[in-house]
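Student: Quick one: sequence and predicted model below, then my questions.
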Amino acid sequence: MANFEFGPLTPSLAQTADVARIGGKGASLARMVSAGFPVPLGFTVAADAYLQFLQDNELEGRIVNLVKDFDPTDFAAMGEVSGSIQKTILEAPMTRNIRQEIESAYGALTSQLVSAASVSPGTLPQVSVRSSATAEDLPNASFAGQHDTYLNVVGHEAVAAAVQRCWASLWNSNAIHYRDRLHFDHMNALMAVVVQQMVRSTASGVMFTVNPVTGDASEMVINACWGLGEAVVSGMVTPDNIVVAKQDLKLKTLQVASKTVMIALADGGGTVEEPVAPERVNAPSISGDQVRRLAEMGRRLEEHYGAPQDIEWSFEGDELSLLQSRPITAL
């Protein structure tokens, strides 16, 4: 049997919480793992790998030349710069040792999931591959939604390809514009990647430990939908809206939305939009007990981080997983 392991370029989420190495998303997840929160198993592709990739292909100088003189108010020109940089990254070959480390880490994750009876022996796991920029989820700048995520990725080659696409997404137009607006040096922004077991979500969404509309710190707000939470994040569906009192976790309001579609895992990889069963369209997507468990977890996360949190969560049946927790920056 192959000797799979997490290498220096691919530490597991249990090994490090260094933002400079595994980015804001990865570091937050690693701290959650360390504190015992229910986070899906996974590993990271550290920013060191991205840097090595640039150096091995002699891309740094080319990127600097492309980005140094563009006018940030000229969106057409910025789009051309973005497209050129991303094309350059995607067409460059991934160094053999980086690819081997990613494949070995995916194998180690597979072994962990087999041991946990989460996947059957001989089965390759479904994973999410998510960008985790080193400038991400900072107290004064979230960069949320600026970079790419790939869901339901299966197989060694597919994971490596998704990692490279995440590297390229560091240079999409929105990310370039956001960094420029914050006067953030483009070349100081590095990209790590988080690879995690894919949760087969029956219901999911986001939770805010402070009411994001009113700013009321005594309330927590949960947005919930059927299937994957991307339907909420993308605005594809109007979610159920639930307000909970933070002190005693009692339900204050429940607004059940009409949810006619959901995002589910597609056979062979990726996601697919599916109709919601008629009997569930106007039914709450999570139960009262699940609401209370979520609210309790939100309160714990806020206490753990010492600041209001924006949390991505998922239920697979009745099993709760936390997919991300970041500071709320817009209050």
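Tutor: Happy to help now that I have it. Please read these numbers as outputs of a predicted model, since none were measured by experiment.
Student: just the helices in the stretch 201-331 of the chain please.
Tutor: Ranges of helices in the stretch 201-331 of the chain, per DSSP state H, counting those that start in this stretch, are 230-233, 288-305.
Student: For the longest one, buried residues please.
Tutor: Along helix 288-305, these residues count as buried under the neighbour rule (16 or more other C-beta atoms under 10 Å): 290, 291, 293, 294, 295, 297, 298, 299, 301, 302, 305. For the C-beta atoms, the positions are set from N, CA and C on the backbone; glycine is no exception.
Student: What is the nearest of these to residue 149?
Tutor: Nearest to residue 149 among these: residue 301, at 20.7 Å, using C-beta to C-beta.
Student: so who does the closest one touch?
Tutor: Applying C-beta atoms under 8 Å, 6 or more residues apart in numbering, we find residue 301 in contact with 32, 37, 209, 309, 311, 322, 325.
Student: looking at the helices of the stretch 201-331 of the chain, which one has the lowest mean pLDDT?
Tutor: For those, mean pLDDT drops lowest on helix 230-233, to a mean of 89.
Student: Which strands or helices does it pack on?
Tutor: Helix 230-233 sits against strand 203-208, strand 219-226, strand 261-265, with contacts defined as 3 or more C-beta pairs under 8 Å, 6 or more residues apart in numbering; DSSP states H and E.
Student: Quick one: residues in contact with that helix.
Tutor: 145, 151, 204-206, 223-225, 236-237, 239, 261-263, 271, 312.
Student: let's go with 10 Å and repeat that
Tutor: Helix 230-233 is contacted by residues 144-145, 149, 151, 201, 204-206, 223-225, 236-240, 259, 261-264, 271, 273, 312 when judged by C-beta atoms under 10 Å, 6 or more residues apart in numbering.
Student: Please spell out which residues along stretch 239-249 are buried.
Tutor: Across stretch 239-249, burial judged by 16+ other C-beta under 10 Å covers 239, 240, 241, 242, 243, 244, 246, 249.
Student: Quick one: end-to-end length of it, please.
Tutor: For stretch 239-249, the first-to-last residue distance is 20 Å (C-alpha to C-alpha, to the nearest Å).
Student: follow-up on the earlier one: export the helices and strands packed on helix 230-233 as a markdown table, with columns for mean neighbour count and distance to residue 100.
Tutor: Shown next, in a markdown table, are the helices and strands packed on helix 230-233 (neighbours: other C-beta atoms under 10 Å; distance: least, C-beta to C-beta, whole Å):
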| stretch | mean neighbour count | distance to residue 100 |
| --- | --- | --- |
| strand 203-208 | 24 | 34 |
| strand 219-226 | 24 | 39 |
| strand 261-265 | 20 | 28 |
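Student: With mean pLDDT added, can I get the ones you listed in TSV?
Tutor: Below are these laid out as TSV (pLDDT from 0 to 100):
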stretch	mean pLDDT
strand 203-208	97
strand 219-226	98
strand 261-265	96
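Student: Turn these into TSV, columns for distance to residue 125.
Tutor: Formatted as TSV, these follow (distance: least, C-beta to C-beta, whole Å):
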stretch	distance to residue 125
strand 203-208	19
strand 219-226	23
strand 261-265	12
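Student: Spatially central residue in the protein, please.
Tutor: Geometric centre of the chain, nearest residue: residue 130, 4.7 Å, by C-alpha atoms, centre = their mean.
Student: Can you name the residues that contact that residue?
Tutor: Residue 130 makes contact with 23, 25-26, 29, 42, 44, 147-151, 162, 166, 192-196, 323-324, according to C-beta under 10 Å, 6+ apart.
Student: okay, the helices of the stretch 201-331 of the chain in JSON lines with distance to residue 277 next?
Tutor: Shown next, in JSON lines, are these (distance: least, C-beta to C-beta, whole Å):
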{"stretch": "helix 230-233", "distance to residue 277": "15"}
{"stretch": "helix 288-305", "distance to residue 277": "19"}
